[in-house]
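J.: Pasting a predicted model and its sequence here:
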Amino acid sequence: MEKNPVGEKIRIQRERLNMTTEELAQQSRCSRELLEQLEAGALVPSLTPLLNIARALGVRLGTFLDDDVKKGPVVCQIPSVGAEEADKKVVRFSGSTATTDRPSAASALDFFPLASDKKDRHMEPFLIQVRENAGEHPLSSHEGEEFLYVLSGTLEVQYGQETYRLSEGECIYYDSIVPHHVHAAAGSEAKILAVVYAPF
């Protein structure tokens, strides 16, 4: 399994604060075992724990995704999904069922970051390929807001007790603190533009 670079960035930020793994676990509401697996690069986090870890460390979510940051505007060419240059930048978060015992429980979402070179950003724009996922869809929540625009395919967003089905050209904007799950409609795939805002 390819080593996850996000874990090294978590370790660097934790050590910068002279914080132990146990302290970070308490402040981020993650288990110590999970953090150790993340820092070792053996497990890819899902988005919700990653947001909680960033908040506990006092950094932006983007700190874990940054490349060579620039102060001014960033221009990004969006390569075709599946192209070699796209595959190098794709961030694959684990699925909701991933654990230290099942680190390979992969998400059906491939995130292509669109602003990883932008310094001090507060929004995280992504192009996301949503693969078919017939499994369970456990809800998760985190602080912030999300905007999703469907570029192709059909998307389902379970938001609290409601389920929204979105087709190409439709969008949704919601508060992420409400438990939610984003997945492709049964038997389909989708491509979306997503902007995630997480308060710093």
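T.: Done, it's in.

J.: Let me know the secondary structure of the spatially most distant residue from the centre of the chain.
T.: Here the chain reaches farthest from its C-alpha mean at Asn18, the gap being 25.8 Å by CA atoms, centre = their mean. Assigned by DSSP: H, G, I helix; E, B strand; the rest coil, the conformation of Asn18 is coil.

J.: what about it, distance to Leu24?
T.: Asn18 sits 11 Å away from Leu24, going by CB to CB, to the nearest Å. The way it works is simple: take the backbone N, C-alpha and C, and place the C-beta from them, glycine included.

J.: Given the helix or strand where Val157 lies, what are its sheet partners and their directions?
T.: Per DSSP states H and E: Val157 is located in strand 155-159. If you go by DSSP bridges, strand 155-159 pairs up with strand 162-166 (antiparallel), strand 180-184 (antiparallel).

J.: With just CA atoms, put the last one into CSV.
T.: Only the C-alpha atoms of strand 180-184 are listed here, as CSV (Å, rounded to 0.1, in the frame of the first residue of the first chain):
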residue,chain,number,x,y,z
HIS,A,180,-24.7,14.1,5.9
HIS,A,181,-23.3,11.7,3.2
VAL,A,182,-22.5,12.3,-0.4
HIS,A,183,-22.7,9.4,-2.9
ALA,A,184,-23.5,8.6,-6.5
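
J.: hey, which of the strands paired with strand 155-159 is tucked in deepest?
T.: Of the strands paired with strand 155-159, the one with the most neighbours on average (mean count of other CB atoms under 10 Å) is strand 180-184, at a mean of 21.

J.: For whichever helix or strand comes after that strand, what does the pLDDT average out to?
T.: Going down the chain from strand 180-184, the next helix or strand is strand 190-197, by DSSP H and E. Averaging pLDDT along strand 190-197 gives 94.

J.: Quick check: which helices or strands does strand 190-197 pack against?
T.: Contact partners of strand 190-197 among helices and strands, from 3 or more CB pairs under 8 Å, 6 or more residues apart in numbering; DSSP states H and E: strand 123-130, strand 145-153.

J.: who wins for proximity to Gln77 among these?
T.: strand 123-130 (11.3 Å; CB to CB).
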